[in-house]
Each structure stands twice: as C-alpha cells, then as structure tokens.
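A.B. asks: build the 3D model from these lines:
(chains A, B and C)
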Amino acid sequence: MAATLLDAVSAVLVLVLVALGLAVVFGMMRVINMAHGELVMSGAFTVVWLQGWHVPFWGCVIAAAVVVGFFGWMIEWVLVRHTRDRPLDTILATWGLSLVLKQAIVLLFGPGSHSVPLPLDAMVGLGALNYPAYRLVVMAIAAVVIAGTYLFLRCTNRGLATRAVMARPATAELLGFNTDRTYSATFAAGAALAGLAGALVAPLVSVDPQMGLGYLVPAFLAILVGGAGALGGVLAGGSAVGASTSLLGALWSPVTVQIVVFGLAVVVIRLRPQGLMRE
Amino acid sequence: MIARVPLAISLAVFVALAALPWLAGDYWTGQFTRSLLYGLLALSLALVWGRGGMLCLGQGMFFGTGGYVMALLTMGKLGPGLADAWLALIVAAASAAALAAIVGVFVFWGASISGPYFAIVTLAIAVVLEQSIRSNYGLGGDNGLVGVPPLPLGTSAFDATPPYLLVLVVVAAAYFTLDATLSRRIGLVLDALRVNPNRLAYLGYSLFAWRVATFAAGGALAGLAGALFVAVDGFASPTLIGFGLSAEALIWVALGGRTVLMAALLGALAVRHGEALLAAWLGDWWLLALGSVFVLVAVAAPAGLLAAPLLWLGARVRR
Amino acid sequence: MTAPALELVDITAGYGGGVVLNGLNLTLAAGSVTALLGRNGAGKTTLCRICAGLLSPTRGTVRISGTALNDRASHTFARHGVGLVPQGREVFGRLSVEENLRLGAIGKNMTADLVAAYRWFPSLEVLRNRAAGSLSGGEQQMLAIARTLMGAPRLLVLDEPSEGLAPVVTRVLAARLREIAAEAGLTVLLVEQDLELIQALASTCCFLADGGIAETVPVASIGMDFDLVRRHLAL
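C.D. replies: Numbers count the residues shown, from 1 in each chain, chains lettered A, B, ... in the order given. Sure thing, here's the model as predicted:
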C-alpha cells in the first residue's frame, strides 16, 4: 500500500517535471511545442551517448539539460519566432520537427531501445518498506526543480519581468523589456527542463526513438486538465493524470489505464475548458 | 474566396491517371491504387483543416475506422448476411462519419474547444483509439485483421486494373463533388468559419452545426478511403488508425497545399511516390529530408508547394 | 545646445494599404510640453506609436535626443528615454501595484525608487499590495504614469490620459503631471481631447490634420480662438 502511494507520488513528480517545460512555454508564449516529447527523448539519448564516453551519470544529466536547452534556443530562433502569429503553423512546424528529431536519433543510434544503468543501485529502508534509492533521488530533484521554477517566477525580478511579458508583451516592450530575448530564454528554459526530465528518467525506462509521444500526450493532457498559465495548474493537472495513471495501474493493464485516463482527461477538458485551476 | 483549380486541369489530371494501367504495368497500378486512397484521405483533411480551419491531428482514426468496419463486415465477423462488399463500403463510410459526428458534437458543443486545444484533443483520441485496437484481440490486436476479401469485381484477383479504375472513379467523384460544393455558398461559409467564426455567428450561422457537419463529411470521406484501402490491401492493421498515418496525411496536405483540393490530392501522390523513388536512394535519410521540408513549408510557405503552381497554371488555361 | 527630445522628419505611416500620416514633421525641444489635438482618426495614436517604436514609419526619420532609431524594436526606444503611457492604461492587471511600479524600473535595469513614486502619487502607496486590475480608472491611470516614470524617461508621451476619468480626477492628474514635468525637466507630448488638461499643462499646441501638423499655436491663444478649435476639431 505504502509502495503504491510512493509510486503514485513518483509518477506525479516525473509527469509534472516533464510537463513543466511544456507549461512554461505554452503558458508564457501560447506556443504548443509538439516536439516536447522528442526533447525529452533527446535528453535521454544525450545520457546514452555520453555514457558511451564514460562520463559520470550526473555529469550526463547536467549536459543533457544544457544540450537540449541549446536545441530549444535554436528551435525558437529558427521556427517558433517566424510563426508567432500563426499558432496552428507553430503546431505543424514543431510537429514536423518531432519527426525530424525522431529520425535523426534513428540514424545516429539505430531504431532499437537502449538502457541506462541505474546510477544508484541501493534500496532505502522506509519503515517496513524498501524503496529504490534512485527513484527517491529523482523525486527529490523533481520537487526541487518544480519549487525552484515557482520561486524564480514569483520572487525574482527576472521572473516578474517574465510574467509581465507573458501578460502584455507590447506594454512590456514600452517599459524597455526585450520580449524577443525573453521568448528565446523561455523556450530554451522549457527545452532544458525537458532535457533534464529525459535524462533523469533514462535509467528507469527503455530509451528508444519512439518514446517521445508517450510523454507528450500525458503532459499536454495534464496541462489542459490543470489549466494553462499558472504553475498551480500544472501541479493539479499533473497530480490528477499522474496519480490516476499510477494508482489505476495497480488494478488494470497499462493499456486499459491509458485509455481510461486519456478518456477522462478529455472529458474534463471538455467540461472545464479553463482547467481545474480556473481563476 | 479561395481561387479554384479550373475544371480543365483537374480533368486532365484524372484522364492521365486513368491511362496509367496501360502505361505503367501492374506493379505501379497497384501502388497508385493505394496512393489514390491516401489522396482521398488527404482530400478529407483538406476539407476539415484547409477549408474548415479545424486542425485535426487524428484524421487517421476515421480512415482506420472505415477500414476496420469494412474488414469486420466483409469477413463475415458480424454475421454472414452482412458480408456484401458494396453495403459494407457504405456502412464503413457511415460509421466513420458517425464517429466524426460524435467527436464533433463532443468537442464543439457549447463553449467549443477550438484551435490548438482541438488539435491536442484529436491527437489524444487517435492515440487512445489506436491503443484500444492494439489491445483488442477480437480485432486481431497488433496483427490486425488478415484476409479481407477483395472487392467482388468479377475479375481475377491478380489483375490490378479493375480495382484501380474503381478507386479512381470513386476518388474523382469525391473530388468533383467536393470541388463543386465548395465553389458555391458552402465554400464561402467554410472560409468564414475558418477566418472569422465570430463574424459568421453574428450573421446567424450556427458554428456548431457547420463544424460538426464539415467534420462528419470529412470523416465519411476518410472512412470510405479506409474501407477501400482495406479491401485492396487485404488486411486492416492498427497503423491505419493512429498517430503515424495521421501525421503522414498532415504532411501530404501541408506540402501540397491545404486550401486547394487538387494540391492536397497531388501532395499525397507526390509524397507517396517520391518516397518509393527516393527511399531507395536516400534510405533512412528520406524521412529526415521529408520532415525537414515539412517544417520549412510550415514556417515559410504555409500555402503549400503545389497550390501556387496549380493556380498559376489555372490562370493561364483560363485566359 | 542640446538636441531636440524628439524629431519626426517627413514621416509617412499607415496600416495595411491605408496612409494615416503623410510627410509629417514635428520637433519637440528638450523640456517643452506640447499638446497634440486632432479629430478622431487623424492619426494621434499612430503618432504616439511611432514615437515609442511600436510602429515603423514607411518613410521618414525618427530621432530621439539626436539618435535616429528607425526600425528598431520598441524596447530600444524605451532605453533611449521614451516613455509612452498607452491609451487604455494597460496595467498588468494580475500583478500588484508595487510589482507594476517595479517593472517600470526593471525594464531599464534600474533600481526601483518606490519612495519617489509614492511621493508623487500617495494614493498608490495605500493600494500597493492590491491587484492592479481591481483599481479604479483614475487609479490605474496614475499607476500607468507612475510606472512609466519609474524608468526615468526624458520624453513622456501621454496618449489620452483623461479618457474615461471624472473631471475631478483629471484635475488632480493635471496638477501632479505639472509638478513632475517641472521637477524632472521632462519633455512631454500630450495627446488629449480635454482642453482644461491641455491648458493646465502644455505651453504649445499642435493640430494634426490631413496626415500632418496643420498648425502650431501657443496654448494661451486657443482659449479665446474658438474658430481655430472648431476648424480643427469640428466641435
């Protein structure tokens, strides 16, 4: 029972971490990044690649965030910036990009799946329960990153500026803010978060070129269920989608669970288009 | 109003296609039968997305639904009395239309889900549908339904020409019906629906009814295409219903030209056969190249690559 | 001699195909307070947008304190000392009053001097933690002006500051603006319909008509010259 609960918390934190980058980009820039799942995948493959060079795991994680963040910066510069007033074309362009990234990984690493060894093999005793230490570490990092993002947006000048650009870009320009730079920084940050998430989950899952879609759809549903814009929404939506997936997984087959959760999420989006955390 | 490819050009395209079996041999005829059906799927997406403004990321679900219904009926899985192929075609298209109508009612009713949200929701539905078919052993699971009987055309099953001509007639009929319909008032309403729905609502049009009807019509076309495809191919597989085919259809339509029907149709043919020709040469790089071109088109040439030449040609012919 | 705070030379601008401003010339000497009048649709807001870099003219030169800034992004104009208080105030409704004020300074990498802002607009200090969206129209206008002043602009452009305000509030606003402009040595371009506010603040008055500056007169003279006002504003 305790293990099931802990698994649920872990699922929620990982999903929120994956959805966080997407939510930052969607909430701030109203940009739907269909390549977010592939950015997560790129993070995981950065780890696979660097491990081949015997780089220590935690170095790989940091490198993944940096590399994918740089990807994001380029994507904003080349694609997103030019389709800003055509949101549906942004969807198309980023979707096309997801195909390109997928195929590029297939060409570089082959179509098969890879596994990353657990950096921490130990189990931690929690009362009567033994739980894998690495999972606990991932949960802690996810929690810290989520809290850090929140604090950045709430408590720093840069965060305040970011929220101002999000609310009224033209007015922010009038006050001297370079909105273009804010946008590229935001997109790069969202991508870096995706890369970080991908690197952290790499030892827990099978790393293959098709893994992206499995992260994109739940992350989007989490954001739409929770309500875009506010970070609280991502937490609420991520909790709803992640926890229900994890808890129902104890009862039913993964496919059934996915069908039920996606179906429920679509119904929630339908009934509350502003999301659970509507203001 | 969106410029229209003149009748002379579309007729020329279909006449050229009709001559194909005598020019290209059985192999290519069989290939073109399939790609014409993909072209019909592209037409349905051009109607829903290009003209109606509803970016559906899961158009494959209607193609697949038509295909599975066709397979179930003609294989006699729902009773031998229902195994008539022509009846099955109609039922398959109707089922896909019904699914589209249900999704449409669900999505567009009341405070409508629109734009980007619509895209995500259709993607989620397509993914769910593909998953549920893959896990349903009654529908053959991952393997799909094998052994769908070919269309009863009274000819040898190895002769590729009769099914090709039948498919060509169906696609041509669908094309000219759509083209004629969209050049009337309906086309104007759809353009308004896409460009300025609020204004259209002020004028007393029901956005809900128009969206659902357009979406259902697109579903019917995609379902018909899927049903014929399954009969031609001999089996229905889960790849027809999910993410992969939906993504491909989107590429055809975007590369061809989303608002011009003929451009979307030719886009499907061009990409499918470009793949057959170039994949041997480019190997795995083909998909990378295709994806990159798709991205470039989305960013820099949202009208597509074939629409402008077609319309230019059209203007010359008309003069 | 210092360069003029604003020089618009031969400005042509419009939206889509339509031309709104056609060969307009306007020079504002540093430290001057100028009012701009014109009918609805004469191009007053277009002119403001050009001064702040929100719109690029199709022809002509925009010089801010002697530097030509054509086709530069709006934030560059702000960094060169232009502060536009836009029509409709455009405060950040979800953010608090104090956050709005701080943004005015952060945007130009300055330290926020909230004391000065509250000295100019004491009512804002009381409201400092309220969401800006919950303020009254007059309070929002004070906030929008104060927010712009936090960035220490040299040229303050006010687009219809009295729009939608009660006359009493307009009078308070006029008094404040006069003190501030004098204290900070600001150059002010005031786009206004309210003659009372114009007379309280401005020394010169320009009439915008047919895409250019039709006439420039001392404000003192327009009080008597009803004919002039009638001619340009069709009152």
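A.B. asks: tell me the contacts of residue 235?
C.D. replies: In the absence of a named chain, chain A is used. Applying C-beta atoms under 8 Å, 6 or more residues apart in numbering or on different chains, we find residue A:235 in contact with A:16, A:146, A:226. (C-beta placed from N, C-alpha, C; glycine too.)
A.B. asks: not quite, go with chain B.
C.D. replies: Counting by C-beta under 8 Å, 6+ apart, residue B:235 touches B:71, B:144-148.
A.B. asks: among the contacts of residue A:235, which lie within helices?
C.D. replies: In this view, these that belong to helices under DSSP state H are A:16, A:146, A:226.
A.B. asks: please name the nearest non-neighbouring residue to the first one.
C.D. replies: Once its chain neighbours are removed from consideration, residue A:16 has its nearest residue in residue A:238; the separation is 3.6 Å (C-beta to C-beta, 6 or more residues apart in numbering or on different chains).
A.B. asks: on that earlier part again, out of the contacts of residue B:235, who has the most neighbours?
C.D. replies: With neighbours taken as other C-beta atoms under 10 Å in any protein chain shown, the top of the contacts of residue B:235 is residue B:71, carrying 30 neighbours.
A.B. asks: does it count as helix, strand or coil?
C.D. replies: With DSSP: H, G, I helix; E, B strand; the rest coil as the basis, residue B:71 sits in helix.
A.B. asks: can you check the pLDDT for it?
C.D. replies: Looking at residue B:71, its pLDDT is 92.
A.B. asks: for the residue in the stretch 101-250 of chain B that chain A sits nearest to, what are its contacts?
C.D. replies: Nearest residue of the stretch 101-250 of chain B to chain A (C-beta to the nearest C-beta) works out as residue B:135 at 4.1 Å. The contact partners of residue B:135, by C-beta under 8 Å, 6+ apart, come to A:253, A:255-256, B:141.
A.B. asks: out of the residues you listed, which end up buried?
C.D. replies: Taking 16 or more other C-beta atoms under 10 Å in any protein chain shown as the criterion, nothing in the contacts of residue B:135 is buried.
A.B. asks: how about those residues in CSV, adding secondary structure?
C.D. replies: CSV is the format used below for the contacts of residue B:135 (three-state DSSP):
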residue, secondary structure
A:253, coil
A:255, helix
A:256, helix
B:141, helix
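A.B. asks: nearest spatial neighbour of residue C:214, skipping sequence neighbours?
C.D. replies: residue C:207 (4.8 Å).
A.B. asks: specify the local secondary structure of the one you found.
C.D. replies: strand.
A.B. asks: could you count how many residues lie near it?
C.D. replies: If we define neighbours as other C-beta under 10 Å, then residue C:207 has 22 of them.
A.B. asks: now the element after the one helix or strand residue A:27 maps to, going C-ward?
C.D. replies: Taking DSSP states H and E as the criterion, residue A:27 maps to helix A:2-29. Counting by DSSP H and E, the next helix or strand C-terminal to helix A:2-29 is helix A:36-52.
A.B. asks: by contact count, what packs against that next one?
C.D. replies: helix A:2-29, helix A:57-78, helix A:87-109, helix A:179-201, helix A:212-226 (3 or more C-beta pairs under 8 Å, 6 or more residues apart in numbering or on different chains; DSSP states H and E).
A.B. asks: for the ones in helices among the contacts of residue A:235, give me TSV that also has distance to residue C:164, neighbour count and pLDDT.
C.D. replies: Putting the ones in helices among the contacts of residue A:235 into TSV (distance: C-beta to C-beta, whole Å; neighbours: other C-beta atoms under 10 Å in any protein chain shown; pLDDT from 0 to 100) gives the following:
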residue	distance to residue C:164	neighbour count	pLDDT
A:16	43	27	90
A:146	42	20	90
A:226	36	28	80
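A.B. asks: and the closest residue to residue B:88 other than its chain neighbours, what does it touch?
C.D. replies: Nearest residue to residue B:88, sequence neighbours excluded (C-beta to C-beta, 6+ apart): residue B:73, at 3.8 Å. When contacts are counted by C-beta under 8 Å, 6+ apart, residue B:73 touches B:82-83, B:87-88, B:91-92.
A.B. asks: again, but for residue A:151
C.D. replies: Applying C-beta under 8 Å, 6+ apart to residue A:151 gives the contacts residue A:159.
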